[in-house]
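Engineer: Predicted model, plus sequence, below.
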Amino acid sequence: MCNCGCSVKLSSVLETLHSLQQRVLELEKCALLRKSMTDDTNMQADPRSTPESREKHPDARKRESPSKVADENSKAPSDPAPETARAAIILPEMAMDATRVVMQQLCRPMDCDQLGVCLAGTVMSWIDLCAGLSSKMAARGPCVTASVDAVHFVRPLKANTIVIIDAVVNRTFSSSMEVQVRVQEEDPRTGECAECCHAFLTFVSLKSLRRPDNPHPQPLPQLVASTPEQSATLSQASERRKQRLAKAKAADGRGPQSLPPTCYREMGVPNTAVARTVSKADMARIKVSPGDTFSHMTQYVMPQNANPMGITFGGQVLAWVEQAAYLSAVRLSVSGHMMTAAMDAVTFKESTKVGDILYFTSAVTAVFHSSVEVMVSVFGERPFSGQPGAFFVLDAFVTLVSVHDDGTPQPMQLTLEPTNDVERQRMQEAHERKEARLSLRKAFSSSQNQAREQVGSHKHLDSLHATM
């Protein structure tokens, strides 16, 4: 035998040839499927297409559209799972890399706070925009944001740096898809890149939803993995979807813990000036009630806040959520500086459109060593629809860290004292969410330490671990 590797090359060629043969068979099946659907369209003018004539012509049943047969079979007791039924239909394929979208943004001073750190809400809007473009590459049609998994900001984005947003669709389902987004910061002076955060978003393809104005939905293409890593990503995306569905089923509808909607006609302004002055003078932690941290914000959805269909950008709503959370958190800070560290998973229960009025109600649910958790409830109102009353949009939980003028964490000088059972339950759940956040941060830090050789790139992350 020779040592030139001919056998290895030959086996690789044979494997490629075998995959091409399988692909040809799939294309032939797709051609037969299209022919069957064309024949079904021609049957509309065929007298044998009536129910009475089908009994006389048994072959007419064979010529029916596969989608129509599937709809009729779905009424049977042995109805398969949606994903199983979707797998039974030959779907168009698309390479996972074909859905990748990379954006580059310059972090301008107008995008940052007084410390020169990019606002988390601005980053969320970039994430949603890039993920939306990626979802449209897969759906070839309009898509809307359905949910956003927890986002942890492990590194602050500084002013005058280059922000790289990389989005790719991990997996498609019947009418939805999971999009993964990674955000990196590039130093223009050195060219070094560091990861800031990553997020998983769920988008819904409007062309794939069965609605009165869309009686024939188009299924999403099936993504094809080209590497073992992408194959693992497909499996992990399926598991995350199961967890989301289970969580949504457990908390179906608006829970009793949501903050009550407050319109602009009923808004009040909390005042913690006395408590902060006493706390700063005595160097002691003064107790305040959650009611002292209530803040309200009203936003009118303008055309620039929405997509071409008039639906509000999900990232824009999340940017407003961060602003509302900041209003409540900063009233407990002595220095007046708060930095967003994380935003828990958010599910959009109702979409909003141009002309809607959004009401944001926020309140601090728990105070930790150097951070606070703020709950934000969003309600909407359509003043021109003739239907009075507000509708529920979402609940969000945002974690903010109190920092000095130099950006380092500082202890909180005010603490929270619940006054009723609902506030006590919110505080207990806030501590549970804190433990979950710390576990995720430690797992992410461990993976980053294995991938990097730089020792000093995690000082900010380690400080958050020690203070949150």
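Structural biologist: Structure received. Only a predicted model underlies this, so the values are computations on that prediction, with no experimental measurement involved.
Engineer: List the residue ranges of the stretch 101-250 of the chain that fall below the pLDDT cut-off.
Structural biologist: For the stretch 101-250 of the chain, no stretch has pLDDT under 70.
Engineer: which residues of it fall in helices?
Structural biologist: 120-139, 228-250 (DSSP state H, counting those that start in this stretch).
Engineer: Is it possible to get TSV of those that adds distance to residue 190 and mean neighbour count?
Structural biologist: Bear in mind the C-beta positions are built from the backbone N, C-alpha and C, glycine included. Listed next are the helices of the stretch 101-250 of the chain as TSV, based on distance: least, CB to CB, whole Å; neighbours: other CB atoms under 10 Å:
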stretch	distance to residue 190	mean neighbour count
helix 120-139	22	24
helix 228-250	28	13
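Engineer: So which of those helices is nearest residue 358?
Structural biologist: For these, proximity to residue 358 was assessed by CB to CB; helix 120-139 is nearest, at 14.0 Å.
Engineer: Quick one, which of the helices of the stretch 101-250 of the chain gets closest to residue 325.
Structural biologist: For residue 325, the closest of those is helix 120-139, at 9.2 Å, according to CB to CB.
Engineer: Show me what that closest one is packed up against.
Structural biologist: Helix 120-139 makes packing contacts with strand 101-106, strand 143-148, strand 162-172, strand 176-186, strand 193-205, helix 314-329, strand 338-343 when contacts are defined by 3 or more CB pairs under 8 Å, 6 or more residues apart in numbering; DSSP states H and E.
Engineer: hey, C-alpha coordinates of the second one in PDB?
Structural biologist: Output in PDB follows, covering the C-alpha atoms of strand 143-148 (Å, rounded to 0.1, in the frame of the first residue of the first chain):
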ATOM      1  CA  CYS A 143     -41.100  38.400  10.400                       C
ATOM      2  CA  VAL A 144     -41.900  39.700  13.900                       C
ATOM      3  CA  THR A 145     -40.100  39.300  17.200                       C
ATOM      4  CA  ALA A 146     -41.900  36.800  19.500                       C
ATOM      5  CA  SER A 147     -39.500  36.500  22.400                       C
ATOM      6  CA  VAL A 148     -36.000  37.200  23.600                       C
END
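Engineer: re the thing from before, between the helices and strands packed on helix 120-139, which one is closest to residue 298.
Structural biologist: Nearest to residue 298, of all the helices and strands packed on helix 120-139, is helix 314-329, at 9.8 Å by CB to CB.
Engineer: give the contact list for residue 105.
Structural biologist: Neighbouring residues of residue 105 by CB atoms under 8 Å, 6 or more residues apart in numbering: 126, 162-163, 165.
Engineer: 10 Å - rerun?
Structural biologist: By CB atoms under 10 Å, 6 or more residues apart in numbering, the contact list for residue 105 reads 111, 118, 122-123, 126, 129-130, 157, 161-165, 183.
Engineer: of all those, which two lie farthest apart?
Structural biologist: It's 129 and 161 that sit farthest apart of the contacts of residue 105, by CB to CB, at 18.4 Å.
Engineer: related to what we said a few turns ago, how about the helices of the stretch 101-250 of the chain in a markdown table, adding distance to residue 418?
Structural biologist: A markdown table is the format used below for the helices of the stretch 101-250 of the chain (distance: least, CB to CB, whole Å):
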| stretch | distance to residue 418 |
| --- | --- |
| helix 120-139 | 27 |
| helix 228-250 | 24 |
